[in-house]
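Novice: Fold the following, please.
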Amino acid sequence: MNQDTNFYAPKYWPTWIGIAFLKLLAALPFKAGLRVGRAIGYILYHLIPKRRRVTEANVKHCFPELSAEEQAQFVKDVFYDNGIGVIESSWTFWGNHKALQKRTEFIGFELLEKALEENRGIILLGAHYSHTDLGAMLAASKVPTLVTMYRRHNNPLMEETIRTGRISYSKPVERKELREIVRSLKQNEVVWYGPDQDFGRKNSIFVPFFGKTAATITATTKMVRFNNSPILALYQRRKEDDSGYIVEIAEVEGFPSGNEIEDAKIMNLAIERGVRKAPTQYMWVHKRFKTQPDGDQALYKANNC
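Specialist: Prediction:
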């Protein structure tokens, strides 16, 4: 624990209670965990209407081909999957990793092994699913070292807890620590990187994501240039029959293209391919389209988010 912070102060007591609850959830057997997770998702669907409206706006925006009834069920399924994601994160930080690995089908990892032979490190293009940490942990079991880039949590106790959990399977690096990222690539390590969130206008360009304009950072192109590193996509999903997981490595064809705008289009399309394999398991609760050329938050303001 961080010695500079008094984590036993009263303001952290609710966080400690939450952590204790998550550790209890980590002890659940697989099938029971999925059932409890869906129950958590049902509660969250009714408990946080703001996030529900954000999800509704995203689904209506990105899946206009669905009927109103299908969109409504889609939103509910997103929350069910996010509830299961709470359990999956608990399993990742405190559960039995080997048991989860045995339930996982690994596809395309020969691409990763071949890319490592180039000795230039690998950029592993990830995305923010409801089970993001679980997918990273499962992928980490197949590589010598996985570096996970992340954004620091605002709550210092949660930051310490999450970082400690990620250390159990990877080398977590805060996304601003570029020197450490470069060092890792030069040491031929695999760097997990999820650029699929809206980070505002700075260092972003506007390109399609699910056919809609989305602020997309150009840092991925710069990262590849650090060490001329190859880039591969990481796709992850829970199987439809709830028997386990599929973790897949795929090529990102045409990247880098020599043009940052084209690179961003290729990257978003690669992420979209992975999301479409199990669309409700993606984190549609986030405001992915909040920054727009014609006015920030327009989509979400229109939907009272």
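Novice: Show me where this structure has its strands.
Specialist: 104-107, 122-125, 146-150, 171-174, 190-193, 204-209, 212-217, 231-238, 245-251 (DSSP state E).
Novice: residue nearest the centroid of the protein?
Specialist: Nearest residue to the geometric centre of the chain (CA atoms, centre = their mean): His128, 2.1 Å.
Novice: and the closest residue to that residue other than its chain neighbours, how many neighbours does it have?
Specialist: Counting by CB to CB, 6 or more residues apart in numbering, Met283 is the residue found nearest to His128 once chain neighbours are left out, at 4.4 Å. In this view, the C-beta of every residue, glycine as well, is placed from N, C-alpha and C. Residues near Met283, counting by other CB atoms under 10 Å, number 22.
Novice: again, but for Arg238
Specialist: So Arg238, with other CB under 10 Å, has 23 neighbours.
Novice: so it touches Val247, yeah?
Specialist: No - applying CB atoms under 8 Å as the test, Arg238 and Val247 come out as separate, 10.6 Å apart.
Novice: all helices of the protein, in order?
Specialist: 13-25, 30-47, 49-62, 68-94, 97-102, 109-116, 132-140, 156-167, 178-186, 219-227, 260-276, 298-302 (DSSP state H).
Novice: Highest mean neighbour count across those helices, which stretch is it?
Specialist: Each of those was scored by mean neighbour count; the highest is helix 132-140, a mean of 25, by mean count of other CB atoms under 10 Å.
Novice: Quick one: mean pLDDT for that helix?
Specialist: In this model, helix 132-140 has an average pLDDT of 98.
Novice: That helix - contacts with which helices or strands?
Specialist: helix 68-94, helix 97-102, strand 146-150, helix 156-167, strand 231-238, strand 245-251 (3 or more CB pairs under 8 Å, 6 or more residues apart in numbering; DSSP states H and E).
Novice: Could you dump these into JSON lines and include mean pLDDT and distance to Arg201?
Specialist: What follows is the helices and strands packed on helix 132-140, written out as JSON lines (pLDDT from 0 to 100; distance: least, CB to CB, whole Å):
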{"stretch": "helix 68-94", "mean pLDDT": "98", "distance to Arg201": "27"}
{"stretch": "helix 97-102", "mean pLDDT": "98", "distance to Arg201": "39"}
{"stretch": "strand 146-150", "mean pLDDT": "95", "distance to Arg201": "21"}
{"stretch": "helix 156-167", "mean pLDDT": "95", "distance to Arg201": "26"}
{"stretch": "strand 231-238", "mean pLDDT": "98", "distance to Arg201": "24"}
{"stretch": "strand 245-251", "mean pLDDT": "98", "distance to Arg201": "30"}
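Novice: Indicate which one of these is closest to Arg225.
Specialist: Evaluated over those, closeness to Arg225 peaks at strand 231-238, with 11.1 Å, by CB to CB.
Novice: relative orientation of the closest one and helix 260-276 in degrees?
Specialist: With axes from the mean of the first three to the mean of the last three CA atoms, to 10 degrees applied, the angle from strand 231-238 to helix 260-276 works out at 20 degrees.
Novice: Contacts for strand 231-238, please.
Specialist: In this structure, residues lying in contact with strand 231-238 by CB atoms under 8 Å, 6 or more residues apart in numbering are 81, 84, 111-112, 115, 122-127, 129, 131, 134-136, 138-139, 192, 220, 224, 244-252, 255-256, 270-271, 273-274, 277-278, 281.
Novice: so how far is it off the chain centroid?
Specialist: Here strand 231-238 is found 10 Å from its chain centre; the criterion is CA atoms, centre = their mean, to the nearest Å.
Novice: Provide the strand pairings for it, with the direction of each partner.
Specialist: According to DSSP bridges, strand 231-238 forms sheet pairs with strand 122-125 (parallel), strand 245-251 (antiparallel).
Novice: Can you read off the pLDDT for the nearest residue to Gly121 once chain neighbours are set aside?
Specialist: For Gly121, the nearest residue in space outside its immediate sequence neighbours is Leu185; the separation is 3.2 Å by CB to CB, 6+ apart. Listed pLDDT for Leu185 reads 96.
Novice: Wait, Leu185 touches Arg120, no?
Specialist: Yes - applying CB under 8 Å, one finds Leu185 in contact with Arg120, separated by 6.9 Å.
Novice: overlap in contacts of these two?
Specialist: 227, 229.
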